[in-house]
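Enquirer: I would like the atomic coordinates for the input below:
(one chain, ligands or ions: 1)
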Amino acid sequence: MTAMTTTAARPAGPPDSGSEPAVRVRGLLKRYGGRPVVEGLDLDVHRGECFALLGPNGAGKTTAVEILEGVRRRDAGEVTVLGQDPATAGRAWRDRVGVVAQTTGAGNALTVRETLDHYARYHGDPRRTAELLDAVGLPEAAGRRVDRLSGGQRRRLEVALGVQGRPELVFLDEPTTGMDPVARRQFWALVEGMREDGTTVLLTTHYLDEAAHLADRVGVLAGGRLVEVAPPDELGGDLRRTATVSWTEAGGTREVATAEPSALLRDLLAAHPAGEVPGLAVTRPGLEEVYLRLVGPDPDPASVPGPACEPTGRTAEGALR
Ligand SMILES: Nc1ncnc2c1ncn2[C@@H]1O[C@H](COP(=O)(O)OP(=O)(O)OP(=O)(O)O)[C@@H](O)[C@H]1O
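Expert: Residues are numbered from 1 along each chain as shown. Now for the predicted structure:
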């Protein structure tokens, strides 16, 4: 697969934190049946940035993203996406935004190529079908019916449809779920290509390696709020800086958590003039451990008895449900 290039004139290079953000959210509140699922969410995504939203099942990621996409109604708060309120933005705004939803209805008797050609008509300046097929690694499946694709192939098609209109901002909700490891890495290259073109990307994922690889910043959503926002290798702050030094002593393992492991190592070496400190190891928490500490042991609000189900999406008339 090759990274795609666009003809649209957009600034390339690092995220632009100086100008108006691509996404601005203040005090976002969403309740289902009276129960808050997103509660006081504040978020800025800079233009040209790849931002990854992490959080356990039921944390409210899809709910928040669907509000930003303009397919779900909010109960309170301010939301601006590419300068407009998605709840009222029109067709022109929609053309500037790409959506790869968590699940879609894509599944029909058309072939992959026919499907892409069909949806191309909805965009003013669509990417060429051949270019898209190549970019998502589907050229061999171009003539296959969509309802005969594997789950991972279907996901690739959905990604192709989401970026077909050369969006300035693309929402990717768990885009690589169901993809094999090779397809995931192809997808990463696709996102990196979009980033180089200046596209803003807001991604949700459960794969921490994906967030670490792709994102300029990650936000961890828990209990309806962002509990931390930071570049992936800085998430966890003090927690990241704390090392655990362990060694074998008197037949057992000793473990000491310290922000200054060098000092402890000097003491240990001095206490072992013969050389080796038995079983010596120094470890620092990785992204996964930091994440698990941030979200807590059982943060899934879905485990609480839930409210009545609320449908999503726009009505045929385009109004929000
Ligand atoms: N249409 C709906 N009607 C009622 N409750 C809903 C609806 N959609 C989601 N919920 C509930 O809202 C909470 C947040 O769901 P949401 O899908 O936003 O979480 P998520 O972080 O995207 O989870 P996952 O990682 O599993 O995709 C969950 O408890 C879910 O059961």
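Enquirer: lowest average confidence, helix or strand, in this structure?
Expert: One helix or strand of the chain scores below all others by mean pLDDT, DSSP states H and E: helix 238-241, with a mean of 79.
Enquirer: Beyond that one, next helix or strand please.
Expert: Of the helices and strands lying after helix 238-241 in sequence (DSSP states H and E), the nearest is strand 243-249.
Enquirer: helices or strands next to that next one in the packing?
Expert: Using 3 or more C-beta pairs under 8 Å, 6 or more residues apart in numbering; DSSP states H and E as the contact test, the elements touching strand 243-249 are strand 252-258, helix 261-271, strand 281-283. In this view, the C-beta of every residue, glycine as well, is placed from N, C-alpha and C.
Enquirer: residues of it that come out buried?
Expert: 243, 245, 247 (16 or more other C-beta atoms under 10 Å).
Enquirer: Could you chop the protein up by domain?
Expert: When the chain is parsed with automatic domain parsing, its domains come out as 23-236+293-303, 243-283.
Enquirer: winner for burial among these?
Expert: domain 23-236+293-303 (a mean of 19; mean count of other C-beta atoms under 10 Å).
Enquirer: returning to what we had before: the ligand: which of the helices and strands packed on strand 243-249 is closest?
Expert: For the ligand, the closest of these is strand 281-283, at 28.4 Å, according to C-beta to the nearest ligand atom.
Enquirer: pLDDT wise, what is Glu49 at?
Expert: According to the prediction, Glu49 has pLDDT 95.
Enquirer: mind checking how far it is from Thr200?
Expert: Distance, Glu49 to Thr200, using C-beta to C-beta, to the nearest Å: 6 Å.
Enquirer: what residues do the two have in common as contacts?
Expert: Common neighbours of Glu49 and Thr200 are listed as Ala22 (criterion: C-beta atoms under 8 Å, 6 or more residues apart in numbering).
Enquirer: circling back to that earlier point, for the domains of the chain, which one sits closest to the ligand?
Expert: Here domain 23-236+293-303 is closest among these (C-beta to the nearest ligand atom), at 3.2 Å.
Enquirer: Is the ligand within reach of that closest one?
Expert: Yes. Using C-beta under 6 Å from any ligand atom, domain 23-236+293-303 reaches the ligand at 32, 37, 55, 57-63, 301-302.
Enquirer: ok so, going back, any chance of CSV for the helices and strands packed on strand 243-249, columns distance to the ligand?
Expert: Formatted as CSV, those follow (distance: least, C-beta to the nearest ligand atom, whole Å):
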stretch, distance to the ligand
strand 252-258, 31
helix 261-271, 35
strand 281-283, 28
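Enquirer: Out of the buried residues of strand 243-249, which comes closest to Thr176?
Expert: Ala243 (31.9 Å; C-beta to C-beta).
Enquirer: What does the pLDDT read for the closest one?
Expert: Looking at Ala243, the pLDDT reads 88.
Enquirer: now the protein, which segments are flagged as low pLDDT?
Expert: Low-confidence segments of the chain, defined by pLDDT under 70: 1-18, 103-107, 297-321.
Enquirer: where do the strands sit along it?
Expert: Secondary structure of the chain (DSSP state E): strands located at 23-32, 35-45, 50-54, 76-81, 97-100, 169-173, 200-204, 217-222, 225-230, 243-249, 252-258, 281-283.
Enquirer: what does the fifth one rub up against?
Expert: Spelled out, that is strand 97-100. 69-71, 81-82, 158-159, 161-165, 167-173, 175.
Enquirer: and that strand, how far from the chain's centre?
Expert: Its chain's C-alpha centre and that of strand 97-100 lie 13 Å apart, by C-alpha atoms, centre = their mean, to the nearest Å.
Enquirer: do the last one as well
Expert: The chain centroid and the centroid of strand 281-283 are separated by 31 Å, computed with C-alpha atoms, centre = their mean.
Enquirer: Show me what that strand is packed against.
Expert: Partner elements for strand 281-283 (3+ C-beta pairs under 8 Å, 6+ apart): strand 243-249.
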